[in-house]
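Colleague: Fold the stuff below for me.
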Amino acid sequence: MNEQYRFSEYIRAIAALPNHDNLNPEAYSIGHLTDRALIYPNNGSDMKLNLASAIGVFAGAISPHSDECYFQIHACPMVTTSGWFGWGQQQQRRLQTYYFSCPNVQARSRWIKAIQNILNGLPVDSQNPPDRRRLKIFLNPISGNQQGRKIFQHIRPILEHSNLEYTLTETTYAGEIQAILTKIDLSEIDEVVIVGGDGSIHEAINGLISRDDWQTAIQKPIGVIPAGTGNGFAKTLLEIAGEPEDPVSAAFLIAKGKQRPLDIAIAQQNGNRFYSFLSLGWAIISDVDIESERLRFLGSLRTDIYALMRIVNLRHYPGRFSYLPATEDVNHAAECQVFNQCPSCSFEVDRHLPEPEASGEEWQVIEDDFVLLWAMNISYATQDIKAAPKAHLSDGYIDVILVRRGISKFNLLLAFLKSAEGEHLSLPGIEYYKVRRFRLEPLTDRGIFAVDGEKVDYFPIQMEVKRGLARAICG
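Modeller: Reported below is the predicted structural model:
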């Protein structure tokens, strides 16, 4: 086998069931550890455990009466499942445990340390493996269809079989996540995880960045287990990582703990400042987002149904959109799946917040009647709508989709349908801009602004992006 071995020692694979009768009768043989896999003998053949799917390694004994020493590797390999009658095959991760026996305690310790080092991206012979990561988990029990508790119990074994520990807070009122993160002792946690939707993530970011020590606080990586109605952030992260869209895959990403930089948009309005990770919506977008709350009992279908209603009874909103265009033609979205090849994911961040106004630069101005304006910081607005297919987590730009009065209702409906796959940009009447900063002024008293899905005041608003200010737990 063409493997570059990093560590080799005697090992024996045993059956998964934890009882002494299932021991493999083979004698101890040399096993090999590489940067990518654990190669071990079993029934006369070399088996390979892909470490990319491994989430933790722990000492354990199958029988208290045994003189042998055991360790367990917990992993979430990708498996193929089928629907009814074999139809609808799909990929999903499934938690599995692999048991190995060592000749003595010393050998077991060497195996565990070597595997821990590989899982943490360290040299195999490192003598100082990192401490267990400490998560602060917030569970929103009323997000989406109120399935947060059930979803957390489903993914909990993955967290508990990983090299991490956590404390759990179940929220009881809107704004609680932001209130807690504004005052919590951040020296006691390494990462923040949300079991909920995009609204809870908005709270978390605004809580971290409103602290006196915000420059340190905002670097706490944020992960998400999707349990909301929209789940645009979770969908974006899962797609970048090449993972299926489900809570188990999201938990797997959190267990692996890889990070990427995340742009944050700074919004200024009526003398106030707040922060956005997802989007600003106006016209039909915010109408659907906010007014469809009355249909929340329908779950994610509520936005689809209400969007159809608004297309049939189309509204137009006069306004002025001023912007500073991107300084270069950037589209690193396709490259982002390979982290070390992505120019936008590796750079030094100046964590100074920008000044409110840009001087000496030429603003572009569009004044018209608008049917839709969607300013996106990431690619997915919801799990079903890839509104900004050219967006990137950390390219330093906001992606803006515009639709003006005059588009046919058929083309608008077609745009909504095609947005599920991000194929709407080529349709007539759909305009797409990458901008560094913009100012939006409604020229009518009627309308709604929604930032990250949350209603804000209906006053002129200015937004600019701060490149890579935050961190996301991603692949």
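Colleague: so where's this structure uncertain?
Modeller: 1-3, 15-26, 61-68, 83-86, 88, 296, 298-300, 329-341, 347-348, 350-360 (pLDDT under 70).
Colleague: And for the residue nearest to the spatial centre of it, nearest residue in space, chain neighbours not counted?
Modeller: The centroid of the chain falls nearest to L237 when counting by CA atoms, centre = their mean (3.6 Å). In space, and not counting its chain neighbours, L237 is closest to C474: 4.6 Å by CB to CB, 6 or more residues apart in numbering. Glycine gets a C-beta too; all of them are placed from N, C-alpha and C.
Colleague: how much space between the one you found and C342?
Modeller: 11 Å (CB to CB, to the nearest Å).
Colleague: For these two, indicate the residue with more neighbours.
Modeller: A count of neighbours by other CB atoms under 10 Å puts C474 above the other of C474 and C342, at 26 against 20.
Colleague: Do I have it right that that one meets Q259?
Modeller: Yes - using CB atoms under 8 Å, C474 is in contact with Q259, at 6.9 Å.
Colleague: outside of stretch 447-456, which residues touch it?
Modeller: Here stretch 447-456 makes contact (CB atoms under 8 Å, 6 or more residues apart in numbering) with 197-199, 201-202, 230, 267, 269, 274, 276-283, 285-287, 289-291, 317, 440, 442, 457-458, 461.
Colleague: mind checking the end-to-end distance for that stretch?
Modeller: Distance across stretch 447-456, first residue to last, is 11 Å (CA to CA, to the nearest Å).
Colleague: same deal with stretch 154-165?
Modeller: This stretch, stretch 154-165, spans 17 Å end to end (CA to CA).
Colleague: Residues in contact with it: which ones?
Modeller: The contact list for stretch 154-165 (CB under 8 Å, 6+ apart) reads 55-58, 74, 76, 95, 97, 116, 119-120, 132-135, 166, 225, 247-248, 250-252, 254-255, 257.
Colleague: Now do the helices for the stretch 51-200 of the chain: every range, in order, please.
Modeller: Using DSSP state H, counting those that start in this stretch, the helices of the stretch 51-200 of the chain run over residues 105-119, 148-160, 176-183, 198-209.
Colleague: want to throw the ones you listed into TSV with mean neighbour count and distance to L412?
Modeller: Output for the helices of the stretch 51-200 of the chain, formatted as TSV (neighbours: other CB atoms under 10 Å; distance: least, CB to CB, whole Å):
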stretch	mean neighbour count	distance to L412
helix 105-119	19	49
helix 148-160	17	34
helix 176-183	17	35
helix 198-209	24	24
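Colleague: Kindly reformat the ones you listed as a markdown table containing distance to L301.
Modeller: What follows is these, written out as a markdown table (distance: least, CB to CB, whole Å):
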| stretch | distance to L301 |
| --- | --- |
| helix 105-119 | 40 |
| helix 148-160 | 19 |
| helix 176-183 | 26 |
| helix 198-209 | 17 |
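Colleague: just to revisit the earlier point, if we look at the helix or strand where the residue nearest to the centre of the chain lies, which residues are touching it?
Modeller: Assigned by DSSP states H and E, L237 belongs to helix 232-241. Helix 232-241 is contacted by residues 198, 201, 224-226, 244-245, 249-250, 253, 260, 277-279, 336-337, 378-383, 385, 393, 472-475 when judged by CB under 8 Å, 6+ apart.
Colleague: So how do I select the buried members of these in PyMOL?
Modeller: To isolate the buried subset of those in PyMOL, counting by 16 or more other CB atoms under 10 Å, use the following:
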select buried, resi 198+201+224+225+226+244+245+249+250+253+260+277+278+279+336+378+379+380+381+382+383+385+393+472+473+474+475
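Colleague: Restricted to strands, list the contacts of helix 232-241.
Modeller: 224-226, 260, 279, 472-473 (DSSP state E).
Colleague: possible to save the residues you listed as CSV with distance to I39?
Modeller: Conversion of the ones in strands among the contacts of helix 232-241 to CSV gives the following (distance: CB to CB, whole Å):
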residue, distance to I39
V224, 35
I225, 33
P226, 35
R260, 30
S279, 46
A472, 33
I473, 29
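Colleague: Looking at those residues, which one is closest to T81?
Modeller: Closest approach to T81 among the ones in strands among the contacts of helix 232-241 (CB to CB): P226, at 19.0 Å.
Colleague: Isn't the closest one up against A251?
Modeller: No - contact criterion CB under 8 Å: P226 and A251 do not qualify, at 10.2 Å.
Colleague: picking that back up, can you give me the buried ones in the helix holding L237?
Modeller: Judged by neighbour count (16+ other CB under 10 Å), helix 232-241 contains these buried residues: 232-241.
Colleague: Closest to D304 out of those residues?
Modeller: Nearest to D304 out of the buried residues of helix 232-241 is G232 (CB to CB; 14.8 Å).
Colleague: how close does that closest one sit to I209?
Modeller: From G232 over to I209 (counting by CB to CB), the distance is 20 Å.
Colleague: Disregarding residues adjacent in the polypeptide, which is nearest to P123?
Modeller: Nearest to P123 is N117, by CB to CB, 6+ apart, at 6.4 Å.
Colleague: burial count for D212?
Modeller: The burial count for D212: 8, using other CB under 10 Å.
Colleague: who touches it in this structure?
Modeller: Contacts of D212 (CB under 8 Å, 6+ apart): none.
Colleague: Apply 10 Å and report the result again.
Modeller: D212 is in contact with T182, counting by CB atoms under 10 Å, 6 or more residues apart in numbering.
Colleague: Over to it: give its phi and psi.
Modeller: Phi and psi for D212, reported as degrees, to the nearest 10, are phi -60, psi -30.
Colleague: and if you look at the one 5 residues further on?
Modeller: Listed backbone geometry of A217 is phi -60, psi -40, with angles given as degrees, to the nearest 10.
Colleague: what about D131, distance to E188?
Modeller: Distance from D131 to E188, by CB to CB: 12 Å.
Colleague: How about T167?
Modeller: From T167 to E188 the distance is 9 Å (CB to CB).
Colleague: Give me the common contacts of these two.
Modeller: With CB under 10 Å, 6+ apart, T167 and E188 have common neighbours 134, 136.
Colleague: rewinding a little: list the contacts for the residue nearest to P123?
Modeller: 6-7, 33, 123-130 are the contacts of N117 under CB under 10 Å, 6+ apart.
Colleague: before we move on, what about S109?
Modeller: Listed by CB under 10 Å, 6+ apart, the contact set of S109 reads 59, 69, 71, 102.
Colleague: who does I473 bridge with?
Modeller: Beta-bridge pairing of I473 under DSSP bridges involves Q259.
Colleague: I'd say it and K256 touch.
Modeller: Yes - between I473 and K256 there is a contact under CB atoms under 10 Å: 8.3 Å.
Colleague: State the distance from the nearest residue to M78 once chain neighbours are set aside to T444.
Modeller: Nearest non-adjacent residue to M78, counting by CB to CB, 6+ apart: Q91, 5.3 Å away. Q91 sits 48 Å away from T444, going by CB to CB.
Colleague: Partner strands of the host helix or strand of K455, with direction?
Modeller: Using DSSP H and E, K455 sits in strand 454-456. Strand 454-456 pairs in its sheet with strand 449-451 (antiparallel), by DSSP bridges.
Colleague: And the partner strand, how far out from the chain middle?
Modeller: In this view, strand 449-451 has its centroid 21 Å away from the chain centroid, taken as CA atoms, centre = their mean, to the nearest Å.
Colleague: likewise stretch 253-265?
Modeller: Counting by CA atoms, centre = their mean, stretch 253-265 is centred 7 Å from the centre of its parent chain.
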